[in-house]
Each structure stands twice: as structure tokens, then as C-alpha cells.
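Peer 1: need coordinates for the following:
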Amino acid sequence: GWNGDGSGPREDARWALEQVRAAYGEVPVVLLGHSMGARTSAYVADDPHVAGVVALAPGWQPDDPVRALRGRHVVAAHGVADKITSARMTRAFLVRAAGVAASTEYVDMGRVGHYMLRRVDRWNDVAADGVLRVATRLVVVRARPQLGRGDVDLSVAGPGHDGAELDRAVGKSWDVQASG
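Peer 2: Numbers count the residues shown, from 1 in each chain. The predicted structure is shown next:
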């Protein structure tokens, strides 16, 4: 749980980010969390490789700082029937974060509660779409025509990244079929 200053969950999240770097290099990361995981994500978003946060029914509190979200994209979803965490506090946190974040977005999940047991497909869609929206806001695609061939070599890069580490993580090039 979030005991005291929440240092336990924050340390765990920073450890996980180190594991991602060890396994994949210095690639951009989108943090996805539910409840306390979403609250933790907002605290560790200041990691230089974090592009943004997707928060599902976050447990944000009025005194939680927003400074770690500076320049990051934030998507938060909440149901109004949640009795564990507060949709109103989520919206208030996003208003505060809008002053420092690159973008903020609120997704109203309607009359669902905290545990994501109702409208499971909708929660999954919001999670996947949120991650993709954050990722596509940071990704720059560069096309380099291959001389003498009809192929285009694509490389992806995000802020602070030249693309090489992403090429290693997701594959150096893709075959692109032009149509029409």
C-alpha cells in the first residue's frame, strides 16, 4: 500500500524502469497504472525516458505533486461510481498537471466502480488507446529511401533519442508497401 510518503512503491517503479533500460536500452516508456499504480506513475514520470502516464482510476490526492509530469503526456480514466478513489480528484489533479504537462486528457468511464470488473473491454480499450496516443505524440518517423530500390527504411525516434535504440528494440527496418 501507499504507506507514509509512498517511497516503497516509488522505489519499486524506479527499479522497474531500470530493468526496462537494462533489457531494451534507452527507449521511451509510457507508464500504465491502476489506482495506486497510477499514483506511483505520476511520481516517477520525471525519469528521462518516460514519455507519459496512462492512469486508470488513479488514487491521486490533493497534495500529490505534479512537477514530475513536466513535459509529459497524461491520460486519466475514471468511473463516477468509484467509491475507493475519486473521479473528482482525478479531474482536479489533471487541472493542476495541465500547467506543467505537455498534454492532459480525461476519459469519463461513466457509472463504473474502481475494480474494472464492469465494462472490461472499455477499460482495456482506454488503456491501449491511451498508451498509443501518448506514444504517437512522441514518435517521429523518419523515412530514408534506399537508392536503387523501392523500399523505404523507417526509423523511429522520440525526444532525446536518435532512433538507434528504438531500432534495436523494435527492429531496424520495416517493409512498407506503397499503394495507389
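
Peer 1: could you pull out the helices for this protein?
Peer 2: Assigned helices in the chain, in chain order: 7-24, 36-44, 87-97, 120-138, 164-170 (criterion: DSSP state H).

Peer 1: residue 26: neighbour count?
Peer 2: Around residue 26 there are 15 other residues, counting by other CB atoms under 10 Å. No exception for glycine: its C-beta is placed from N, CA and C like everyone else's.

Peer 1: ok, residue 2 next?
Peer 2: By the measure other CB under 10 Å, the count of residues near residue 2 is 15.

Peer 1: ok, it - contacts?
Peer 2: Listed by CB atoms under 8 Å, 6 or more residues apart in numbering, the contact set of residue 2 reads 9, 36, 39, 59.

Peer 1: follow-up on the earlier one: packed most tightly, which of the helices of the chain would that be?
Peer 2: Ranked by average neighbour count under the criterion mean count of other CB atoms under 10 Å, the helices of the chain are headed by helix 36-44 at a mean of 22.

Peer 1: who touches residue 60 in this structure?
Peer 2: Listed by CB under 8 Å, 6+ apart, the contact set of residue 60 reads 38, 39, 42, 85, 89, 90, 93.

Peer 1: mind checking how far it is from residue 21?
Peer 2: Remark: distance between residue 60 and residue 21 (CB to CB, to the nearest Å) = 26 Å.

Peer 1: can I get the contacts of residue 2 in JSON lines including distance to residue 2?
Peer 2: Formatted as JSON lines, those follow (distance: CB to CB, whole Å):
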{"residue": "9", "distance to residue 2": "6"}
{"residue": "36", "distance to residue 2": "5"}
{"residue": "39", "distance to residue 2": "7"}
{"residue": "59", "distance to residue 2": "7"}
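
Peer 1: which one among those residues gets closest to residue 26?
Peer 2: residue 9 (23.4 Å; CB to CB).

Peer 1: find the nearest non-adjacent residue to the closest one, please.
Peer 2: residue 40 (4.3 Å; CB to CB, 6 or more residues apart in numbering).

Peer 1: in the protein, where is pLDDT below threshold?
Peer 2: Where the chain drops to pLDDT under 70, the residues are 1, 138-180.
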